[in-house]
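J.: here are the coordinates; sequence isn't available:
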């Protein structure tokens, strides 16, 4: 039924659809499910080439058991902030994680980034991330190191000298600037190849075209990112289309 958990039979239909090279949207249509449900299911269980219905079903059951064990009987659970539906939030976090994975992030950095994004404070410590994600400290540390290197998070020490990780309004701007800076290495290296391979040769012309293309796109991204930061920045409580004063 749409909106319920996927059954084992539905997972087998997903596997058959993937084997037939069907698009996620077509598989979703045949199962009367949202496309996002199929996308999330496949991406969290090995991707389109490694998806196995029975393995995915067992993994889902194991995750459900772990969630139950994480909240022992008799414990008091804090009321969700702002009246949010915990199940809806969890489903959204999984969907957001899937989107980031499709954009190129590995699973654990994507999970950590989504966890930070969906926290009102926009910051968590390593121990808080471990607790919320139910993973090892080493997994969090490795994910944070990657995200920090990409400019997607920043680190600060709080009053208790704990390292705290932040995402803020400038995080994507800083990441795009880092990406643009990295692109300059591609441009420089491609143009070095022009001299090595000989100007006027087909190989050199190909490398020069690469350099010109990447250089143009990189400059365009920098200009667009700077304009967007100045024009589109919004503050909490403002409308989604309202620019900050």
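T.: Structure received. All figures in this text were calculated on a predicted structure; none of them were measured in a lab.

J.: all strands of the chain, in order?
T.: For the chain, the strands defined by DSSP state E occupy 123-125, 154-157, 163-166.

J.: Could you measure from residue 151 over to residue 118?
T.: 20 Å (CB to CB, to the nearest Å). The way it works is simple: take the backbone N, C-alpha and C, and place the C-beta from them, glycine included.

J.: if I look at the spatially closest residue to residue 173 that is not a sequence neighbour, how far off is residue 217?
T.: Using CB to CB, 6 or more residues apart in numbering and skipping residues adjacent in sequence, the residue nearest residue 173 is residue 229, 4.9 Å away. For residue 229, the distance to residue 217 (CB to CB) stands at 19 Å.

J.: what about these two, which has more around it?
T.: Set side by side, residue 229 and residue 217 show more neighbours around residue 229, with 15 against 12, by other CB atoms under 10 Å.

J.: My guess is that one contacts residue 171. True?
T.: No. Using CB atoms under 8 Å, residue 229 is not in contact with residue 171; the gap is 11.1 Å.

J.: how near is residue 13 to residue 47?
T.: 18 Å.

J.: the more surrounded of the two?
T.: A count of neighbours by other CB under 10 Å puts residue 13 above the other of residue 13 and residue 47, at 18 against 12.

J.: Quick check on residue 21: phi, psi?
T.: Main-chain torsions, residue 21, degrees, to the nearest 10: phi 60, psi 30.

J.: number of nearby residues for it?
T.: Per other CB under 10 Å, the neighbour tally for residue 21 reads 8.

J.: cool, residue 115 as well?
T.: Residue 115, neighbours per other CB under 10 Å, totals 21.

J.: Give me the pLDDT for residue 34.
T.: With respect to pLDDT, residue 34 has a value of 88.

J.: Now it: phi and psi?
T.: With angles defined as degrees, to the nearest 10, residue 34 sits at phi -70, psi 150.

J.: Could you count how many residues lie near it?
T.: Neighbourhood size, residue 34 [other CB under 10 Å]: 15.

J.: And residue 194, by the same measure?
T.: Neighbour count of residue 194, defined by other CB under 10 Å: 19.

J.: For it, which non-adjacent residue is spatially closest?
T.: The shortest distance from residue 194 to any non-neighbouring residue, by CB to CB, 6+ apart, is to residue 204 (4.5 Å).

J.: again, but for residue 179
T.: residue 221 (7.3 Å).

J.: same thing with residue 139?
T.: Excluding the flanking residues, the one nearest residue 139 by CB to CB, 6+ apart is residue 108, at 5.4 Å.

J.: Brilliant, that's me finished.
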